[in-house]
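Chemist: Sequence and predicted model, in that order:
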Amino acid sequence: MNAIELNHLTKYYGKARGITDVTLSVETGDFFGFIGPNGAGKSTTIRILLGLITATAGSANIYGQRIQACRTAILGKIGYLPSETMFYHGMRIKDILRLSADLRRKDCRAEAKRLCDRLELDTSRKVEELSLGNRKKVGIVCAMQHKPELYILDEPTSGLDPLMQREFYTLLKERNQEGATIFLSSHILSEVQRYCRHAAVIREGTILITDSVENLGHTGAKRITLRGIEQAPALANIKDIKTTADSVSFLYSGTPDILLKALVPLPITDITIAEPDLEEIFLHYYQ
């Protein structure tokens, strides 16, 4: 049985598009990335999955159950982290964590302490004293302390420093190895490439492609940046050329030997060869 099954899911806000005909399956036990730029429809899809909004058309099932028909039972299996975490002012972190556990009628004290220790979170502090990163940590503990079967995470690492990002993904990998399903939305392709096994690319409310992360990343192009020149060399297989006063950058999908031969006679002072970033991967799929 799939953890998530979306069939022709469509949502309009009046005449404004939310998502259109989204069909997607996430296997139980998968680590799945849902990637797209801001406004692509990621959060709309997640809100339908959680029963927070109702689809205009289509269906959304979690573990074979319709979310609108079985919302209470389904939410008991989910740990949700929104992209922006908000809490009641005046409350201390420990009170927020206890409230979250009480709402689920579970004793999560031991697991909450373990998570707070790993995320270096001081539970005696009040909400209004917290930085963006620490508020995100509180949200992470609330989503994970009851050890759900399915994690739905919307832009989960925004606000976290690199060390905490790494620790957070270590926690997710541990939960995934224990059998939990991870579904996370992100516009940071490097996160998806590093941790997810499968992913879907969404743009303007429509799924462009769903595949293994390994296959998604094989566009065959590299981002080449050359300093000391202002014009791209005369080469085939280049696109997305960007120039500044003393450099030129472009995507190159040809062979290395042809590139190197073209660069030898040029007065280049520095060269960078890198994997395309998220927007460049999107450009590849959009074209």
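Modeler: Perfect, thanks for sending it.
Chemist: Against Leu251, how distant is Val141?
Modeler: Going from Val141 to Leu251 by C-beta to C-beta, to the nearest Å gives 41 Å. Yep, even glycine has a C-beta here, placed from its N, CA and C like the rest.
Chemist: Pick out whichever of those two has more residues nearby.
Modeler: Set Val141 next to Leu251 and count neighbours by other C-beta atoms under 10 Å: Val141 wins out with 26 against 20.
Chemist: List the contacts of the more buried one.
Modeler: 97, 112, 115-116, 119, 121 (C-beta atoms under 8 Å, 6 or more residues apart in numbering).
Chemist: Those residues: which two are farthest apart?
Modeler: Taking C-beta to C-beta, the two most distant members of the contacts of Val141 are Leu97 and Leu119; they sit 11.8 Å apart.
Chemist: Those two: which is more packed in?
Modeler: Leu97 (24 against 20).
Chemist: What pLDDT is listed against the more buried one?
Modeler: Per-residue pLDDT puts Leu97 at 97.
Chemist: Which residues are in contact with it?
Modeler: Applying C-beta under 8 Å, 6+ apart, we find Leu97 in contact with 108, 112, 116, 123, 138, 141-142, 145.
Chemist: try it again with 6 Å
Modeler: Counting by C-beta atoms under 6 Å, 6 or more residues apart in numbering, Leu97 makes contact with 112, 141.
Chemist: Tell me which helix or strand comes right after the helix or strand that contains it.
Modeler: Using DSSP states H and E, Leu97 sits in helix 93-103. For helix 93-103, the following helix or strand on the C-terminal side (DSSP H and E) is helix 109-119.
Chemist: count of residues packed around the nearest residue to Ala112 once chain neighbours are set aside?
Modeler: The shortest distance from Ala112 to any residue other than its chain neighbours is 4.4 Å, reached at Gln145 (C-beta to C-beta, 6 or more residues apart in numbering). When neighbours are defined as other C-beta under 10 Å, Gln145 has 25 of them.
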